[in-house]
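**Student:** Build me a model:
(one chain, ligands or ions: 1)
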Amino acid sequence: SLYDYYSGEPVSSDLLDFYETNGLKETCTIDIKPCDPNERRRVDGSCNNLKDPARGTFFAPIKRILPANFSDGNKPRKAESGKELPPPREVRLKLLNHTLSSHKVLNNNVPGFGAFVFLDIGSLHDNQNMLGKTTYCCNADHLNDYACTPNLISENDPVFKFTGVRCMNSTRPLTYQDFKCTQNEVPSPIKRATTSFDLSQIYNSKGEGDQVLRSFKGGELAVEEENGALFPPNGPTASCPNNVKPNETRCFEHYFGTFVSVSLFTIWFVRHHNYIASELAKVNPCWNDEMLYQTARDINIAFYNQVYFYEWNTAVQGRNYLVENGIISKDKGHRYLYDDTKSPEVTLDYTFILRFFHLMQESRTMLYDVHGNFIEEFKTFDASFRTGLLAKNMSTFTQSMFRAPCHGGDGTVDFELANFAFPGFQIAIDALAGDVNKCRNFGLPPYVDYIRHFLGIEINSFEDFKTAGLMTSKKVRLLKSVYDHPRDVDLIAGEWCAKNMKGGNIPLITANIMNDNTLRAMKSDRHWYECENRPYAFTEKQLKEIRKSTLASLFCTTGDGVTEIMKNAFFNISPKNPLVPCEKIKKINFKAWADPACKKNNIKCTEFVR
Ligand code: HEM
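**Tutor:** Below you'll find the model as predicted:
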């Protein structure tokens, strides 16, 4: 039946008439085949909740933790004084020094994996709009267009004062209202991804879904060989504007080929699917392509979640906090989490706060050979949208992810990211000023409202930030130099100034916003990998094997030329976290998936239909 994306309800005939008359049927509705309680997770996210089948699908709306805070309906909120809030570029310049800095404990895998996870539940439509379509917001004629929210640069700007550059392009977030998919008045930003942590950035949640990705042989995804390594296939609609022709030709048709780290994780998780399928085929020679594919997908998703929740989150928040908040479990058995009264949902606050990891992004990629000898420094952003270059240099870029620290963690930001984030597309982009700008244009409420929501603490004066243990006096003074009133402080700006949480490497409110989303995701996902009562659930033995999933094992099974790695591959190499040979890294034993039917009947792959 036909469902309305925005409301999640079956489309009424009146609404359908409206959509059809205005050519909106394709955009605003989804056709969902009847749900089967025993089927596997669908790639488009439908039927996750059997009572509410359209919730959690590709293009289902995003929730808000706190109500939207706009001024005059859909404009950015004002300062408490009634004046405009300080310009985003000024906020960024005053609060964050743009300088060189290396993180003391974390490496490039932390921001890299974070960005990869974002693409599972969020989408890059606003970036695509800003870089590809609405590129003109700095033209004098367009500064005040509704679609434009440019970041203006003052005459005293330390970087641009001697140039003619006085503006950075920025566009208003696209909403369901823009697409006429709702009459609701509160601007509701769109999302082009499924809601659950289901690797939708790998299994294509849109259009024909994973049918266009599969090789239909041995349960594997289609791949192509280049320089003896395997990659997602090229295709006619793929776009890699920075590939230097004729040598650089690799460009993924159905996957993200954006920043280096995102492209690498995409390549690795595609290869990982095929690694799993081939291992399963060895154990179960009687399984057909479908059985191998579906089981490999299920294991790949579980592996990814295990790494994200038990390893990445531990690296950024510390283990104790995650255990205390029920995000991860101490024991290795099943967890009973699913609650069918909760619909799958992802929050805007969460997809937004992942921008905090901009502070850890480096613009210098340190390239090493497989023995760890330093080769050269490469400008990270010159490799963006350029999978052709990556494909020819996989091994050195792979090493750069775990051998070099990520940026900062000390309240500074990488110079290039804060001034020239997208070379080749726009003369000047400050990603962090963009974050402040979007914070307001998404209608996210003041920082102090999040503090009240999560910590129950009222902040009435700037000094209260210190009294509450959230900031040092120095940072409080800095905030005071930018904002007139504590309620003026933007969420992201507050987090830039906040201390790291106890035992972790990020501020507490960022952690709380992430955990709020994780709990929603776990409880509302009928296919959550730790549940025993889901369709095709892992047995206890299989779940124990899934618990062995680590980033280190991903590098060892899929990384070009990787023969040694640290056990904690999100942390820098150190005496406590030394490089060890890959043989010492635990791997999943696929014998746990041995199907007695294969042995009993001694039948061949193609004959077996489950
Ligand atoms: C090559 C490195 C990167 C560059 C050049 C970059 C640049 C940008 C820029 C310019 C924006 C748009 C800002 C605006 O709204 O005006 C953006 C958005 C965003 N970035 Fe990054 N970024 C990078 C890496 C990362 C990393 C490592 C993360 C980690 C999670 C991340 C997370 C995000 C998120 C969540 C958004 C919001 C997307 C949306 O909802 O529209 N980025 N980035």
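
**Student:** Close to the ligand: what parts of this structure are there?
**Tutor:** 111, 114-115, 118, 122, 126-127, 170, 259, 351, 354-355, 357-358, 361, 380-381, 384, 417, 421-422, 429, 431, 434-435, 437-438 (Cβ under 6 Å from any ligand atom). Where C-beta positions appear, they are placed from N, C-alpha and C, glycine not excepted.

**Student:** low-confidence ranges in this protein?
**Tutor:** 601-610 (pLDDT under 70).

**Student:** try it again with 50
**Tutor:** Scanning the chain with the threshold set as pLDDT under 50 gives 605-610.

**Student:** burial count for Glu253?
**Tutor:** Counted with other Cβ atoms under 10 Å, the neighbours of Glu253 add up to 16.

**Student:** That one is in contact with Gly235, isn't it?
**Tutor:** Yes: counting by Cβ atoms under 8 Å, Glu253 does reach Gly235; the two are 2.5 Å apart.

**Student:** Look up how far Leu508 lies from the residue of the stretch 301-450 of the chain found nearest the ligand.
**Tutor:** Residue of the stretch 301-450 of the chain nearest the ligand, by Cβ to the nearest ligand atom: Gly434 (2.2 Å). According to Cβ to Cβ, to the nearest Å, Gly434 stands 24 Å off from Leu508.

**Student:** Could you check which of the two has the larger neighbour count?
**Tutor:** Gly434 (26 against 23).

**Student:** follow-up on the earlier one: quick one: neighbours of the closest residue to the residue of the stretch 301-450 of the chain closest to the ligand other than its chain neighbours, just the number.
**Tutor:** Spatial nearest neighbour of Gly434, chain neighbours left out: Ser170 (5.9 Å); criterion: Cβ to Cβ, 6 or more residues apart in numbering. Other residues near Ser170 number 24, with proximity taken as other Cβ under 10 Å.

**Student:** Okay, Ser170 and Arg89: tell me how far apart.
**Tutor:** For Ser170 relative to Arg89 (Cβ to Cβ), the value is 10 Å.

**Student:** Could you do Arg172 as well?
**Tutor:** According to Cβ to Cβ, Arg172 stands 17 Å off from Arg89.

**Student:** ends of stretch 455-463, how far apart?
**Tutor:** Start-to-end span of stretch 455-463 (Cα to Cα, to the nearest Å) is 17 Å.

**Student:** So what touches that stretch?
**Tutor:** 448, 451-452, 464-465, 468, 476, 479-480, 486, 508-509, 512 (Cβ atoms under 8 Å, 6 or more residues apart in numbering).

**Student:** Buried by neighbour count: which residues of stretch 199-206 qualify?
**Tutor:** 199-206 (16 or more other Cβ atoms under 10 Å).

**Student:** re the thing from before, any chance of CSV for the contacts of stretch 455-463, columns secondary structure and distance to Thr57?
**Tutor:** Formatted as CSV, the contacts of stretch 455-463 follow (DSSP: H, G, I helix; E, B strand; the rest coil; distance: Cβ to Cβ, whole Å):
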residue, secondary structure, distance to Thr57
Val448, helix, 35
Ile451, helix, 33
Arg452, helix, 33
Asp464, helix, 42
Phe465, helix, 40
Ala468, coil, 40
Val476, helix, 44
Leu479, helix, 40
Lys480, helix, 45
Pro486, helix, 39
Leu508, helix, 33
Ile509, helix, 30
Asn512, helix, 27
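
**Student:** Closest one of the residues you listed to the ligand?
**Tutor:** Ile509 (16.0 Å).

**Student:** Now do the same for the closest residue to that closest one other than its chain neighbours: helix, strand or coil?
**Tutor:** Leaving aside its sequence neighbours, Ile509 sits nearest to Tyr450 (Cβ to Cβ, 6+ apart; 5.2 Å). Using DSSP: H, G, I helix; E, B strand; the rest coil, the structure places Tyr450 in helix.

**Student:** Adjust the sequence numbering to begin at 765 for everything that follows.
**Tutor:** Right, with 765 as the first residue, what we last looked at is Tyr1214.

**Student:** and Tyr1214, how many neighbours?
**Tutor:** 23.

**Student:** try Glu803
**Tutor:** Neighbour count of Glu803, defined by other Cβ under 10 Å: 13.

**Student:** coming back round to it: the residue of the stretch 1065-1214 of the chain closest to the ligand against Pro914, yeah?
**Tutor:** No: using Cβ under 8 Å, Gly1198 is not in contact with Pro914; the gap is 10.5 Å.

**Student:** which residues do those two both contact?
**Tutor:** Shared contacts of Gly1198 and Pro914, counting by Cβ under 8 Å, 6+ apart, come down to 932, 934.

**Student:** Tell me how far the residue lying closest to Pro1209 once chain neighbours are set aside lies from the ligand.
**Tutor:** Leaving aside its chain neighbours, Pro1209 sits nearest to Asn833 (4.0 Å; criterion: Cβ to Cβ, 6+ apart). Separation of Asn833 from the ligand (Cβ to the nearest ligand atom, to the nearest Å): 18 Å.

**Student:** what residue is smack in the middle of this structure?
**Tutor:** Phe882 (1.1 Å; Cα atoms, centre = their mean).

**Student:** now that one, what's its secondary structure?
**Tutor:** helix.

**Student:** OK, contacts around it?
**Tutor:** 1115, 1118.

**Student:** tell me which residues form a beta bridge with the nearest residue to Leu779 once chain neighbours are set aside?
**Tutor:** Among residues not flanking Leu779 along the chain, Asp768 sits closest, at 6.4 Å (Cβ to Cβ, 6+ apart). Note on Asp768: beta-bridge partners by DSSP bridges are Thr793.

**Student:** doesn't Thr793 make contact with Asp768?
**Tutor:** Yes: using Cβ under 8 Å, Asp768 is in contact with Thr793, at 5.9 Å.

**Student:** Quick check: neighbours shared by those two?
**Tutor:** Val775.

**Student:** Show me which of those two is the more surrounded one.
**Tutor:** Legend: neighbour count by other Cβ under 10 Å for Asp768 and Thr793, higher for Thr793 (23 against 19).

**Student:** Please report how far Gly820 lies from Ile1329.
**Tutor:** 35 Å.
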